[in-house]
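Visitor: The sequence isn't on hand, but the structure is:
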């Protein structure tokens, strides 16, 4: 009886794998960035600057976009020092990606006239203001949506037609592990990053039949200036939950997202938590192995995730009790 069950399961797996093999699009791999134009928003610091540095090391001409001109100039100098040859160009553009689409279109168009068509767009511009959603200022909620979602959406809208016409190109969305799961204190930020995930998976379907590829990056907590500012607004519950994942290097994240994009990966994740979240909540067709794991082990993976979420709820309850006790003592 057991042997029959094994044979049936093996047959089903083989059939599913065969259907997927002939149905999934072939992965497009770009082996070089030499003489390509790479544009990085939020490129003056953090993950953005690390991604720009890696692109320069691989022979690309790089444009970084940000708002602080002094930081941009300093970053350009650092990136230039990592170029492979003198033919590479490194420049900056001072632009607020939360501005009107017309401003973004004008800026990116000018960059293409200066260096050439944008081959790779890395959308790193973003920030997080934490707090209980009910306590957040309306203007902060709006800023989260404008910067973390529209800043990426508008820049991507500009490059897509040109990339499709040339039938080549890479786009990276830098989301967050908070794009997979709602976490106390991340209400407005998480919502904007979830929106990015939805947009990315929609564009992926619109790219079927082309050689243009999109990668969605899900960094955990990363040691950047933006993270230090984020820490200033984090409630105690949020700090306790996020600290369980440790703190990562922006150089590691920036380098990995560049190489994952070139390798044609849809998801760029980090550590066990990132892989688990992508398996459970990822809606794209990353690979045959990913799909088979989702089909045949979803119950087990879901059980693991439930235990993790319950531990987060326990943290919130414990902190709530502490606050009540402190309130009683102060009365």
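Guide: Noted; the coordinates are in hand. It should be emphasised that the depicted structure is a prediction, and the values quoted were computed from it without experimental measurement.
Visitor: contacts, neighbours, all on C-alpha from now
Guide: Noted.
Visitor: Could you report the distance from the closest residue in space to residue 72 that isn't next to it in sequence to residue 258?
Guide: Once flanking residues are discounted, residue 72 sits nearest to residue 44: 4.9 Å by CA to CA, 6 or more residues apart in numbering. Distance from residue 44 to residue 258, counting by CA to CA, to the nearest Å: 16 Å.
Visitor: Ok, residue 99 next?
Guide: Distance from residue 99 to residue 258, counting by CA to CA: 26 Å.
Visitor: List the buried residues for the strand or helix carrying residue 200?
Guide: Element membership for residue 200 (DSSP states H and E) is helix 187-206. Across helix 187-206, burial judged by 16 or more other CA atoms under 10 Å covers 187-197, 200-201, 204.
Visitor: One more: stretch 76-86?
Guide: Residues 76, 79-80, 82-83 are the ones in stretch 76-86 that count as buried (16+ other CA under 10 Å).
Visitor: and it, what's its mean pLDDT?
Guide: The pLDDT scores in stretch 76-86 average 94.
Visitor: Stretch 212-227 too?
Guide: Per-residue pLDDT over stretch 212-227 has a mean of 90.
Visitor: picking up where we left off before, compare neighbour counts for residue 99 and residue 258 and give me the winner.
Guide: For residue 99 and residue 258, the more surrounded residue by other CA atoms under 10 Å is residue 258, and the numbers stand at 25 against 14.
Visitor: quick one: the nearest residue to the more buried one once chain neighbours are set aside from residue 115, how far?
Guide: Closest residue to residue 258 apart from its sequence neighbours, by CA to CA, 6+ apart: residue 51 at 6.4 Å. To residue 115, residue 51 is 18 Å away according to CA to CA.
Visitor: Tell me which of those two has more neighbours.
Guide: residue 51 (30 against 19).
Visitor: shouldn't that one be in contact with residue 259?
Guide: No. Contact criterion CA atoms under 8 Å: residue 51 and residue 259 do not qualify, at 9.7 Å.
Visitor: Centre-most residue in the chain?
Guide: Compute the mean C-alpha point of the chain, and by CA atoms, centre = their mean the closest residue is residue 174, 2.3 Å away.
Visitor: who's in contact with the residue nearest to residue 72?
Guide: Listed by CA atoms under 8 Å, 6 or more residues apart in numbering, the contact set of residue 44 reads 64-66, 68, 71-72, 74-76.
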